[in-house]
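Novice: Quick check, what structure comes out for this input:
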Amino acid sequence: MTQPYYDASSPHSTTTAPDSSQYRATKDTVYRFADTIAGMDRGLTLRATAESGDTIDDPSEDALFLMFEDIEAGESSFLIVDRLADPSGQVYAQTSRNPDGSYIVEYRDGGPERHYGTVVSDMRSAHSLVTGWAFDLPGWRDSARWRSVET
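Specialist: The predicted structure follows:
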């Protein structure tokens with residue numbers, strides 16, 4: 001049962017405090033929250049899509065990590081992160097898990113001649129490369145040995 005409480009930050013508060021069972025956030029709640037926040041006050045720049053159908057617009061590093069955890073758990077087998085500002089649809093990063101637990105990570109910065117890939121040993125390494133690409137973090141390209149992907 002919830003108990004009414006007064007929120008000092010809002011003199012007009014009618015909020016009630018949740019009971020302890022309501023504090024347990026689920027993955028779906030995080031996804032819905034990320035979708036809601038992403039659409040507020042700014043244009044979308046990224047879209048992450050998993051094989052399972054889960055989609056997050058402008059995902060955070062944490063939201064991407066949750067999507068990688070789904071791959072680890074066998075709920076999805078791949079993840080694609082698209083740059084929405086590119087009208088060609090040819091700017092993206094994608095990853096999939098191999099049966100041995102390693103990950104194939106690819107990124108594409110335009111046409112087929114700008115498509116590169118690598119294999120990393122685990123989920124955390126793949127997450128680091130994908131988030132590095134997504135947020136254009138310094139040194140992300142240098143942290144792996146990339147090869148041209150033939151299509």
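Novice: all contacts plus neighbour counts: C-alpha atoms, from now on.
Specialist: Will do.
Novice: The residue nearest the centre of the chain: which element?
Specialist: In the chain, the centroid-proximal residue (C-alpha atoms, centre = their mean) is residue 64; its distance is 2.4 Å. In this structure, residue 64 sits in helix 61-72 according to DSSP states H and E.
Novice: Please list the outside residues in contact with the next helix or strand after that helix.
Specialist: Sequence-wise, the next helix or strand downstream of helix 61-72 (DSSP H and E) is strand 78-83. By C-alpha atoms under 8 Å, 6 or more residues apart in numbering, the surrounding residues in contact with strand 78-83 are 45-51, 67-68, 71, 89, 91-97, 130, 134.
Novice: Quick check: mean pLDDT of strand 78-83?
Specialist: For strand 78-83, the mean pLDDT works out to 96.
Novice: How about stretch 47-61?
Specialist: On average, stretch 47-61 scores 94.
Novice: Quick check: which ranges of the chain have low pLDDT?
Specialist: 1-43, 151 (pLDDT under 70).
Novice: Okay, strands next: where are they in it?
Specialist: With DSSP state E, the ranges of strands along the chain come out as 3-4, 16-17, 46-50, 55-57, 78-83, 91-97, 103-109, 115-120, 147-148.
Novice: now the residue nearest to the centre of the chain: how far from residue 54?
Specialist: 11 Å (C-alpha to C-alpha, to the nearest Å).
Novice: for residue 83, same thing?
Specialist: 17 Å.
Novice: What's the ChimeraX syntax to select whichever of the contacts of strand 78-83 are buried?
Specialist: Buried members of those, defined by 16 or more other C-alpha atoms under 10 Å, are picked up in ChimeraX with:
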select :46,47,48,49,50,67,68,71,91,92,93,94,95,96,97,130,134
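Novice: Done for today, thanks.
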